[in-house]
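[1] Got a sequence here, can you model it:
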Amino acid sequence: MSEDAQNGTQPGVVTDAVRDLEKQLRAEGARRWVRRLIVVGVIVAAVVGFASYRRATRPPPAPRFSTEAVEQRDIVEQVQSTGSVKPLTEVQVGAQVSGRIVKVHVDFNSKVKKGDLLAEIDPTLYGAQVSQSGAQLKAAEASLKRAQARLATSKASLKRLQGLKAEGIASPADVEQAQGEHDVADADVAASSAQISQIRAQLSGARTTLAYARIFSPIDGIVVNRAVDSGQTVAASFAAPVLFVIAQDLSKMQVLAEIDEADVGKIAEQMKAEVVVDAFVGEKFQGTVTQVRFSPNNVQGVVTYSAVIEVSNPELKLRPGMTATVTIKTREAKSSLAVRNAALRFRPLPEKDEDGKPKPVKPPPPLDPGKGRIYLVAGGAPGSETLEDRVVGVGITDGVWTELKDAGDLAAGRPIVVEQREEKKQKRFGMF
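    Numbers count the residues shown, from 1 in each chain. Below is the predicted model:
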């Protein structure tokens with residue numbers, strides 16, 4: 001007996017149940033596949049819609065070239081340099097004699113006039129030398145008087161003997177002896193006179209040396225340095241020691257600027273200059289070039305030439321020794337057409353082949369002096385513009401802008417290419 005019979009179940013009933021279960025399973029699988037197809041369809045529709053949206057809203061290609069407009073402006077050609085601030089006249093006052101400083105009459109920043117007493121050296125030794133020379137002079141003058149008296153006596157004796165000889169009373173030997181005594185007396189007078197002249201010279205030197213013990217200002221000005229104090233001993237044996245430095249009229253200063261050899265040809269006397277120092281930020285001092293020296297300065301192979309710029313300093317703000325930056329106006333162009341220097345430096349990038357390598361490009365012909373090459377956008381859609389090169393005359397430059405000459409039909413506002421954007425390959429996936 002079958003298992004179904006044993007359980008009390010009819011065989012037909014079991015078969016129908018199995019068939020119903022199979023139908024249900026098939027229906028469930030079909031519905032699952034339908035759901036999957038719907039999901040896939042939705043995803044595909046979303047992708048297609050998003051791709052269409054991206055294409056519709058994608059910005060247009062950016063231009064390949066950046067431009068700057070031609071402008072009408074003033075251009076000032078300048079040469080910049082650095083230098084040191086100095087007084088127009090600076091005098092070093094030294095001691096011409098040795099000795100101990102007994103008194104100093106001035107200090108730093110003291111205003112002095114020509115002839116003012118600055119310091120005194122102990123005059124004791126030099127005063128004694130003057131006294132000694134004076135005494136020697138008096139002795140020499142007394143000796144001269146004695147010699148003159150002997151000369152007068154010998155002259156009278158000679159004259160008397162010559163008369164007696166004419167009368168036959170005096171012998172020739174007596175006359176010769178008298179003549180010899182006269183000549184000796186005359187020589188003594190000459191020697192005494194010479195000795196007096198010598199002693200007078202010594203006395204004059206001693207007085208001058210004594211005067212050197214008092215040190216006076218040689219000019220009107222301000223004491224900018226004092227290198228001595230009372231009680232200090234100075235020695236002037238080989239060179240005069242510098243005791244004071246006096247600057248004359250600090251209301252006018254000068255800057256000694258070092259000009260590069262490449263720029264010295266642009267500099268000339270009477271050119272205007274501006275001077276700035278770190279101590280007064282934003283303040284400019286006006287000056288004038290007064291000298292461009294021919295003597296070169298060679299420091300480690302770098303050749304420069306010194307230019308002297310006289311600067312007005314009415315408020316005494318500029319001080320000796322300050323480091324200054326000098327800007328010299330060499331040339332100026334008023335209301336001239338000008339382009340950015342970047343436009344004159346610009347050169348188009350070469351086109352690339354299929355492998356991304358630059359194609360060979362024939363270089364443009366060389367330019368004549370005073371000429372420059374610029375590029376204008378000739379046409380084309382953004383991202384594929386074409387260029388037109390044009391040779392123009394150029395004038396002075398201020399380092400940013402350059403004057404245009406012989407510009408043809410160029411006018412203010414005309415865009416000139418200054419930069420090219422390098423193309424970058426973008427990776428695209430599917431429809432993106």
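[2] Would you mind giving the domain segments of the protein?
    Domain ranges of the chain: 16-57, 65-74+337-420, 123-212, 247-334, per automatic domain parsing.
[3] Just send those back as TSV, with mean pLDDT and distance to Val112 too.
    (Each C-beta comes from the backbone N, C-alpha and C, glycine too.) What follows is those, written out as TSV (pLDDT from 0 to 100; distance: least, Cβ to Cβ, whole Å):
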stretch	mean pLDDT	distance to Val112
domain 16-57	65	84
domain 65-74+337-420	86	46
domain 123-212	84	18
domain 247-334	94	10
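[4] mind putting those domains in JSON lines, distance to Arg100 and mean neighbour count included?
    As requested, those are exported to JSON lines (distance: least, Cβ to Cβ, whole Å; neighbours: other Cβ atoms under 10 Å):
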{"stretch": "domain 16-57", "distance to Arg100": "97", "mean neighbour count": "10"}
{"stretch": "domain 65-74+337-420", "distance to Arg100": "60", "mean neighbour count": "14"}
{"stretch": "domain 123-212", "distance to Arg100": "9", "mean neighbour count": "15"}
{"stretch": "domain 247-334", "distance to Arg100": "28", "mean neighbour count": "16"}
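[5] Need the CA coordinates for stretch 343-354. PDB is fine.
    The C-alpha coordinates for stretch 343-354 follow below in PDB (Å, rounded to 0.1, in the frame of the first residue of the first chain):
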ATOM      1  CA  ALA A 343      52.300  91.400 -25.100                       C
ATOM      2  CA  LEU A 344      55.800  92.100 -26.600                       C
ATOM      3  CA  ARG A 345      57.200  89.000 -24.900                       C
ATOM      4  CA  PHE A 346      54.300  86.700 -26.000                       C
ATOM      5  CA  ARG A 347      55.000  84.000 -28.600                       C
ATOM      6  CA  PRO A 348      52.300  81.400 -29.600                       C
ATOM      7  CA  LEU A 349      52.800  77.800 -28.500                       C
ATOM      8  CA  PRO A 350      53.400  75.400 -31.400                       C
ATOM      9  CA  GLU A 351      50.500  73.200 -32.600                       C
ATOM     10  CA  LYS A 352      50.700  69.500 -31.600                       C
ATOM     11  CA  ASP A 353      50.500  66.400 -33.700                       C
ATOM     12  CA  GLU A 354      48.300  63.300 -33.100                       C
END
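[6] Please determine how far Ser312 is located from Asp249.
    The gap separating Ser312 from Asp249 is 11 Å, by Cβ to Cβ, to the nearest Å.
[7] can the domains of the chain go into TSV with extra columns for distance to Ser237?
    Listed next are these as TSV, based on distance: least, Cβ to Cβ, whole Å:
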stretch	distance to Ser237
domain 16-57	95
domain 65-74+337-420	56
domain 123-212	14
domain 247-334	28
